[in-house]
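A.B. asks: Requesting a structural model of the entry that follows:
(one chain, ligands or ions: 2)
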Amino acid sequence: MIIKSIKEAKSILVSEKIIALPTETVYGLAGLINSEKAVRSIFQAKERPFFDPLIVHVANLEQALNLSPKWDEISTHLAKTFWPGPLSIILPKSLRVSNLITAGLSSVAIRCPNHPLTLELLSILPCPIAAPSANKFTKTSPTTSQHVIKSFGNLVPVLEGGSSQVGLESTIIQILPEERTLYILRPGMISQEDLRIEIPQDFAIKTQTKNQTPGSMKSHYKPDSLFYLIPPGKNIHDIPAMQEKEITPLQLDENPIFAARELYSLLHSLPKNKVSFFQMEEKHLSEAWVPLMNRLSRASEI
Ligand code: TXA
Ligand code: MG
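C.D. replies: Ligands and ions are numbered 1, 2, ... in the order given. Have a look, this model is predicted:
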């Protein structure tokens, strides 16, 4: 079912039900953070384990300030710089955020999405929303309303907002001021270089944490058919599973920004009866391709 107006989206959410809505990264499966019933429905619909926490989406920084008692100076600056936009910031959680949302963690991931419809909706809701990507657990994320309908049929009403313009999930970061370190927990289209310009020079940027983000298991973003990411210099025919199979290459735009925008649509439409692969070249090892190769390596069978 397609939701016809923002007013209708609001009334479904206020009645403690969930909807799918557009963001600039991917479509999200949303429920009010104050409704335990709605938050439970999100996990159930996605078949997502309760140990994998949800991102809270806000209309603006003011709303986000209420969700953590410890907004440090740098996180505040990054929110002011990149919001609304594809950056999720992890901060100590306040009591307004339930343990169900954070999977029992003492921190919460917060983001202000950059999509006009969703921003307008957020600004008229009684509280922020929790929203993971609107796909079944471990499957490919949706960048169109059709992708959402393919996963959930009529079970979840969808607010139509066109194709997601960024196309990959947000960059997730955490600042540890006492360690003078910014951790990147999930790479996204806001890059390490973008972040570097905005933080003090003596801060380190690290991409590995002692506690990896709970949702970062190897198997993720899986298409419905077999897919292999082939490293530079390796040959598709060297992989035993590929022998005697019909294979088809995944072709990506030369420009990583356009490639990110169309990546999930391409993965959703891979032919089911063939084995697909992406042949990496040396250039795909560079910084600009990190978030794309991160998703492809986890969608890959090896
Ligand atoms: O772009 C996005 O971030 C999209 C759109 C809908 O906003 N959302 C999204 O949500 O990708 P999801 O649930 O598919 O991925 C969120 C990731 C999960 O891997 C989860 O483990 C991690 O964020 N996460 C959430 N809260 C966390 C926390 N407090 N500490 C560490 N990781 C956290
Ligand atoms: Mg997801």
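
A.B. asks: can you list the weak-confidence ranges in this protein?
C.D. replies: Residues of the chain meeting the criterion pLDDT under 70: 209-218.

A.B. asks: all helices of it, in order?
C.D. replies: 6-14, 36-46, 61-65, 73-82, 116-124, 145-152, 192-198, 256-268, 290-299 (DSSP state H).

A.B. asks: Identify the residues contacting the shortest one?
C.D. replies: To tie it back to what came earlier, the one meant is helix 61-65. For helix 61-65, the surrounding residues in contact (Cβ atoms under 8 Å, 6 or more residues apart in numbering) are 58, 71, 76, 79-80, 83, 110, 112, 122, 128. Heads up, the C-betas are built off the backbone N, CA and C, glycines and all.

A.B. asks: Switch these over to JSON lines; also include distance to ligand 1.
C.D. replies: What follows is the contacts of helix 61-65, written out as JSON lines (distance: Cβ to the nearest ligand atom, whole Å):
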{"residue": "58", "distance to ligand 1": "11"}
{"residue": "71", "distance to ligand 1": "15"}
{"residue": "76", "distance to ligand 1": "18"}
{"residue": "79", "distance to ligand 1": "14"}
{"residue": "80", "distance to ligand 1": "19"}
{"residue": "83", "distance to ligand 1": "12"}
{"residue": "110", "distance to ligand 1": "9"}
{"residue": "112", "distance to ligand 1": "10"}
{"residue": "122", "distance to ligand 1": "12"}
{"residue": "128", "distance to ligand 1": "12"}
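
A.B. asks: Now, of the residues you listed, which are buried?
C.D. replies: 58, 71, 76, 79, 83, 110, 112, 122, 128 (16 or more other Cβ atoms under 10 Å).

A.B. asks: can you pull the contacts of the fourth one?
C.D. replies: Contacts of residue 79 were listed using Cβ under 8 Å, 6+ apart, and they are 61, 64, 87, 89, 110, 112.

A.B. asks: how close does the first one get to residue 68?
C.D. replies: Looking back up the chat, that one is residue 61. For residue 61, the distance to residue 68 under the criterion Cβ to Cβ, to the nearest Å works out to 11 Å.

A.B. asks: quick one: which of those two has more around it?
C.D. replies: A count of neighbours by other Cβ atoms under 10 Å puts residue 68 above the other of residue 61 and residue 68, at 21 against 15.

A.B. asks: Was I right to think the more buried one contacts residue 110?
C.D. replies: Yes: with the criterion set as Cβ atoms under 8 Å, residue 68 and residue 110 qualify as a contacting pair; they are 7.2 Å apart.

A.B. asks: what do those two both touch?
C.D. replies: With the criterion set as Cβ under 8 Å, 6+ apart, the overlap between the contacts of residue 68 and residue 110 is residue 91.

A.B. asks: Residues of this protein that sit close to ligand 1?
C.D. replies: Within the chain, the positions lying close to ligand 1 (Cβ under 6 Å from any ligand atom) are 23, 25-26, 28, 52-55, 86, 88, 90, 102, 105, 107-109, 111, 113, 131-133, 169-170, 172, 185, 213-216.
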